[in-house]
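Peer 1: Mind folding the following:
(chains A and B)
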Amino acid sequence: GENVEQHPSTLSVQEGDSAVIKCTYSDSASNYFPWYKQELGKGPQLIIDIRSNVGEKKDQRIAVTLNKTAKHFSLHITETQPEDSAVYFCAALYQKVTFGTGTKLQVIP
Amino acid sequence: EAQVTQNPRYLITVTGKKLTVTCSQNMNHEYMSWYRQDPGLGLRQIYYSMNVEVTDKGDVPEGYKVSRKEKRNFPLILESPSPNQTSLYFCASSLSPGFPLHFGNGTRLTVT
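Peer 2: Numbering: from 1, shown residues only, chains lettered A, B, ... in the order given. Model (predicted):
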């Protein structure tokens, strides 16, 4: 089955700096790659997603890039703010969704 | 408001006492699934349901049951809970697996 690895497990950045979270997947047939943000005491919420026919997607301060050849995809957050502090999960879909193990992002004011 | 509702939010029980965690969605989604979240392990799928007629095991189904008698509800049943089922549980729904999942706010279960 699909295996998704996510790094780093924790990330601390100064407010205003950029944050990058990286994921790799094992099944080349995976075709949908969502990213979820989980705030304390809440369920994960989709922040951005990308399909396999697209290499990059942006939504304001958030962007995702996909390299199908290398089987990895990354989340980029620019101009980080304290409210970006949360746990972020990547995921890959082939028949079913498989999640990474999560990255706890701390933005230091 | 579109949402997935789980109940209860917190549950403390003893080994062997049957329990049910309810999940309901109001978005007319076909696909529903249950996950457990454990430190360092991320979100692991327990069971999923493609539609009212189809349910199947996920990655960690042992010790759990589900039912999908109607589209909006997908309860998770622990017939004989054990301490290793202490975890944070999430129900989620979507139009289909290839669409964004909408998660409930979680149920924190402690089995002593």
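
Peer 1: roughly how far out does the longest strand seen in chain A sit from the chain middle?
Peer 2: Determined from DSSP state E, the single longest strand within chain A is strand A:86-94. Strand A:86-94 has its C-alpha centroid displaced from the chain centroid by 6 Å (CA atoms, centre = their mean, to the nearest Å).

Peer 1: What strands flank that strand, and is each parallel or antiparallel?
Peer 2: Here strand A:86-94 has these sheet partners by DSSP bridges: strand A:32-38 (antiparallel), strand A:96-99 (antiparallel), strand A:103-108 (antiparallel).

Peer 1: Need the distance between the two termini of stretch A:37-46.
Peer 2: In stretch A:37-46, first residue to last residue: 6 Å (CA to CA, to the nearest Å).

Peer 1: right, I mislabeled it, should have said stretch B:3-17
Peer 2: End-to-end distance for stretch B:3-17: 29 Å, by CA to CA.

Peer 1: again with stretch A:42-58
Peer 2: Span of stretch A:42-58 from end to end, CA to CA: 25 Å.

Peer 1: And stretch A:69-81, by the same measure?
Peer 2: End-to-end distance of stretch A:69-81 (CA to CA): 33 Å.

Peer 1: And for stretch B:66-78?
Peer 2: With CA to CA applied, stretch B:66-78 spans 9 Å between its terminal residues.

Peer 1: residues near the residue of chain A found nearest chain B, how many?
Peer 2: Relative to chain B, the nearest point of chain A is A:Gly43 (3.1 Å; CB to the nearest CB). All C-beta atoms are positioned from the backbone trio N, CA, C, and that covers glycine. Neighbours of A:Gly43 under the rule other CB atoms under 10 Å in any protein chain shown: 22.

Peer 1: so who does residue 9 touch?
Peer 2: If you meant another chain, say so; for now it's chain A. A:101-104, B:40 (CB atoms under 8 Å, 6 or more residues apart in numbering or on different chains).

Peer 1: switch to chain B, that's the one I care about
Peer 2: Taking CB under 8 Å, 6+ apart, we find B:Arg9 in contact with B:105-108.

Peer 1: Give the phi and psi angles for it, as a check.
Peer 2: As for B:Arg9, its main-chain torsions (degrees, to the nearest 10) stand at phi -80, psi -40.

Peer 1: One more: A:Pro82?
Peer 2: Dihedral angles phi and psi of A:Pro82 (degrees, to the nearest 10) take the values phi -50, psi -30.

Peer 1: So for it, what's the pLDDT?
Peer 2: If you check A:Pro82, the pLDDT there is 97.

Peer 1: Do I have it right that it meets A:Val107?
Peer 2: Yes. Using CB atoms under 8 Å, A:Pro82 is in contact with A:Val107, at 5.2 Å.

Peer 1: I'd assumed A:Val20 was in contact with A:Pro8.
Peer 2: No. Judged on CB under 8 Å, A:Pro8 makes no contact with A:Val20 at a distance of 9.4 Å.

Peer 1: Those two: who's more crowded?
Peer 2: When A:Pro8 and A:Val20 are compared for neighbours, A:Val20 comes out ahead with 16 against 12, by other CB under 10 Å.

Peer 1: Okay, and that one sits in which element?
Peer 2: strand A:19-25 (DSSP states H and E).
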